[in-house]
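In: quick one: sequence and predicted model below, then my questions.
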Amino acid sequence: MGDFQRNVKKFSNFLLIVILFMTLFIFASNALLHKGIFESLLFALALAVGITPEVLPIIMTITLSNGALRMAKEKVVVKRLVAVEDFGNIDTLCCDKTGTLTEGEVSLSDNANLDGQNDEKLVLYGLLCNSASIAKGKKIFGNPIDKAIWQAAQSARLESEVKQHVLIDRNEFDFERKRMSVLVKKNNIKTLIAKGAPESIVKICGSATLQGKSKTLTPDLTLAIQKNIDEYESNGYRVIALADRCLEREKIEIADERGLNLLGFLLFLDPPKPNVKKSLKILQELGVKIKVISGDSPTITRKICKDVGLSIAEDRVVVGDELEHLDEAEFKEYAHTYDVFTRVNPEHKFRIVESLKREQHIVGFLGDGINDAPALKVADVGISVDSATGIAKETADIILLRKSLGVLAHGIIEGRKTFGNITKYILNTISANYGNMFTIAFSSLFLKFIPLLPSQILLNNFVSDVPLLTISTDNVDEELLKKPRRWSIKHIFQFMTYFGLISTFFDMVLILGLILVIKTGSGLFRTAWFVESVLSELLITFAIRTRKPFFRSRPSRWLIMTSVVAGVAAIAITFLVIGHNLFEFVRIPVSILMFIGGLLLAYFFTVELAKKHFFKKYEL
């Protein structure tokens with residue numbers, strides 16, 4: 001369950017408690033005042049319906065759907081509609097280096113034996129110890145490294161020699177070993193070839209070829225080789241090591257990966273994306289923290305982060321092996337403190353994302369491989385790409401048609417617009433409804449008649465809600481897009497109380513004016529209050545939809561048009577025969593309409609002044 005769904009559940013429980021309390025109070029008080037059991041029950045039930053934001057599910061669906069459509073135009077496909085809002089509220093994005101910070105198009109740039117010289121045998125062994133498959137038309141499928149070896153220019157020259165070898169057996173690559181191995185045969189000579197991360201290959205080697213001779217791999221020699229690897233990586237190369245041994249077997253097991261002879265390295269390049277600095281800056285401005293979780297080496301990951309301008313917390317790159325020895329509390333501290341992790345396995349990714357979620361972060365995880373599936377599943381928003389593996393796309397909530405932080409940033413902005421517009425409806429409805437309904441409940445205690453008929457309450461609710469169906473088209477202030485925001489039941493309650501009481505105050509001014517000064521009958525009283533109630537909710541939308549002064553934030557044309565139509569309809573129905581017959585309205589004198597108009601203007605400008613104080617004191 002994502003953060004959005006959890007908050008909807010909390011909000012629903014909050015509404016249920018308030019509705020039950022007010023409904024029981026109103027029914028009991030009116031029944032005790034001898035206004036009729038049945039009439040009191042109908043009045044209480046109608047009031048409960050009036051309090052309930054019953055179109056909230058519709059407005060949420062419309063707003064989320066419109067957000068998803070706008071995101072699709074930005075090359076972001078939403079698989080799970082409720083993920084739109086969580087996507088906008090992401091405050092931490094976990095992603096790989098490859099394809100996100102870099103081009104993702106790995107190319108075999110060079111090769112070097114342990115003497116620092118080119119050796120085509122290394123490329124040949126890279127072709128033999130390879131999991132890529134070649135379909136008709138020479139289309140290559142497989143992981144980026146294995147594909148890059150086949151796509152290298154020198155590989156074409158070695159195809160005939162590759163065909164002279166027979167593949168007997170293989171140990172597939174896995175993320176624990178970080179290597180793969182094959183058993184091949186040529187001229188009755190069987191050779192075990194291993195290919196993988198340098199530290200993984202060196203660990204299973206007992207010797208190394210230097211100056212054409214095999215030498216024992218001593219600690220000093222290992223240190224010298226590691227310095228060479230560090231130098232390659234500091235120059236931006238991704239290093240893959242190769243080793244072999246003769247092995248007279250028909251089958252091989254992982255246990256056979258020992259006592260090998262280290263031969264040299266294949267050097268790959270994956271340059272940073274040209275626009276990634278700009279995208280990272282946009283994400284930073286949006287309040288999204290980037291955590292790089294990579295399977296690559298610490299040295300090259302550090303270099304790429306430096307090249308793209310991504311800061312490294314405490315200048316510390318955490319290696320997967322360090323995480324293995326941490327207890328739960330220490331792991332949580334690492335996940336929170338550091339932002340670059342290398343040589344990690346799928347379990348590490350899963351635990352990092354899970355730890356961040358427990359710290360109340362809204363976490364997005366961008367991944368495209370089989371090994372990313374657990375982390376994609378546990379993240380608040382799992383994000384994958386169109387070129388990802390099937391299981392990654394199946395697990396993800398969001399699919400990027402182009403793997404780009406820029407595309408992702410645009411999607412986050414659209415998600416925040418969706419969040420902003422849903423919040424507008426909730427704050428508008430909950431403050432207006434509770435203000436009006438509290439007034440009705442309170443006034444019913446001293447009025448000799450029920451202040452609004454059940455049918456009038458329901459019509460009021462319907463007319464005032466219609467314009468809000470267009471809230472998804474409304475503009476959202478740029479200030480509200482600059483950082484992730486979350487629902488807070490506490491702050492919603494504060495808003496409801498603060499602005500609900502303002503609404504109640506002006507409602508009571510209307511009541512006192514109608515009863516004590518104008519001395520209207522029940523029919524005119526109900527009609528005047530109906531008109532004032534509908535118009536006040538429509539008008540106040542334009543004040544509380546923005547934190548700015550209302551004239552500095554432009555509402556959408558649809559919101560303006562539907563509000564005007566609803567306001568005209570609310571007044572018109574009191575003059576029509578259908579309004580008189582179905583809802584028992586009466587014609588309102590011009591003097592009372594002018595009184596209502598003046599009251600509405602006073603209410604609007606009071607809310608304009610009050611919201612400045614409220615938003616300064618309370619953060620929503």
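Out: Perfect, I can see it now.

In: for the rest of this, base every contact and every neighbour count on C-alpha atoms.
Out: Will do.

In: mind giving me the packing neighbours of the strand or helix carrying residue 12?
Out: Secondary structure assignment for residue 12, by DSSP states H and E: helix 3-32. If contacts are counted by 3 or more CA pairs under 8 Å, 6 or more residues apart in numbering; DSSP states H and E, helix 3-32 sits against helix 37-51, helix 83-88, helix 489-512.

In: and the helix or strand hosting residue 413, how far out from the chain middle?
Out: According to DSSP H and E, residue 413 maps onto helix 405-443. For helix 405-443, the separation from the chain centroid amounts to 18 Å (computed by CA atoms, centre = their mean, to the nearest Å).

In: again with stretch 483-499
Out: 21 Å.

In: go through it and flag the buried ones.
Out: 483-487, 489, 492-499 (16 or more other CA atoms under 10 Å).

In: pretty sure residue 445 sits in a helix.
Out: No. Counting by DSSP: H, G, I helix; E, B strand; the rest coil, residue 445 is not part of a helix but coil.

In: what is the burial count for it?
Out: 16 (other CA atoms under 10 Å).

In: hmm, back to that, now do the helix holding residue 413, average pLDDT.
Out: Helix 405-443 carries an average pLDDT of 83.

In: looking at the chain, which helix or strand is least sure?
Out: Ranking every helix and strand in the chain by mean pLDDT, DSSP states H and E puts helix 37-51 at the bottom, with a mean of 74.

In: got the angle between that one and helix 405-443?
Out: 160 degrees (axes from the mean of the first three to the mean of the last three CA atoms, to 10 degrees).

In: which among the helices and strands packed on helix 3-32 is found nearest to residue 435?
Out: helix 489-512 (4.0 Å; CA to CA).

In: could you list the buried residues of stretch 203-212?
Out: Quick answer for stretch 203-212 (16+ other CA under 10 Å): 204-209.

In: over to stretch 559-575?
Out: Quick answer for stretch 559-575 (16+ other CA under 10 Å): 559-560, 562-564, 566-567, 570-571, 573-574.

In: pull the residues that contact that stretch.
Out: Contact with stretch 559-575 is made by 463-464, 466-468, 470-471, 473-474, 527, 531, 534-535, 538, 579-580, 585-588, as judged by CA atoms under 8 Å, 6 or more residues apart in numbering.

In: ok, stretch 11-22 next?
Out: Contacts of stretch 11-22 (CA under 8 Å, 6+ apart): 48, 51-52, 489.

In: kindly export it (C-alpha atoms) in PDB.
Out: In PDB, the C-alpha atoms belonging to stretch 11-22 read as follows (Å, rounded to 0.1, in the frame of the first residue of the first chain):
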ATOM      1  CA  PHE A  11      -8.800  10.600   6.100                       C
ATOM      2  CA  SER A  12     -11.800   8.300   5.600                       C
ATOM      3  CA  ASN A  13     -11.600   7.100   9.200                       C
ATOM      4  CA  PHE A  14     -11.400  10.700  10.400                       C
ATOM      5  CA  LEU A  15     -14.500  11.700   8.300                       C
ATOM      6  CA  LEU A  16     -16.400   8.700   9.600                       C
ATOM      7  CA  ILE A  17     -15.900   9.600  13.200                       C
ATOM      8  CA  VAL A  18     -16.900  13.300  12.700                       C
ATOM      9  CA  ILE A  19     -20.000  12.300  10.600                       C
ATOM     10  CA  LEU A  20     -21.200   9.800  13.100                       C
ATOM     11  CA  PHE A  21     -20.800  12.200  16.000                       C
ATOM     12  CA  MET A  22     -22.600  15.100  14.300                       C
END
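
In: ok, residue 319 to residue 370 distance?
Out: Between residue 319 and residue 370 the distance is 21 Å, computed by CA to CA, to the nearest Å.

In: more neighbours: these two, which one.
Out: A direct count of neighbours by other CA under 10 Å for residue 319 and residue 370 places residue 319 higher, at 19 against 14.

In: pLDDT at that one, what is it?
Out: 92.

In: what does residue 493 give?
Out: For residue 493, pLDDT reads 84.

In: helices of the stretch 201-350 of the chain, residue ranges please.
Out: With DSSP state H, counting those that start in this stretch, the ranges of helices along the stretch 201-350 of the chain come out as 219-234, 276-285, 298-307, 320-324, 328-337, 346-358.

In: export these as CSV, with columns for distance to residue 448 and mean neighbour count.
Out: Formatted as CSV, those follow (distance: least, CA to CA, whole Å; neighbours: other CA atoms under 10 Å):
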stretch, distance to residue 448, mean neighbour count
helix 219-234, 86, 15
helix 276-285, 59, 18
helix 298-307, 74, 20
helix 320-324, 73, 15
helix 328-337, 62, 15
helix 346-358, 55, 19
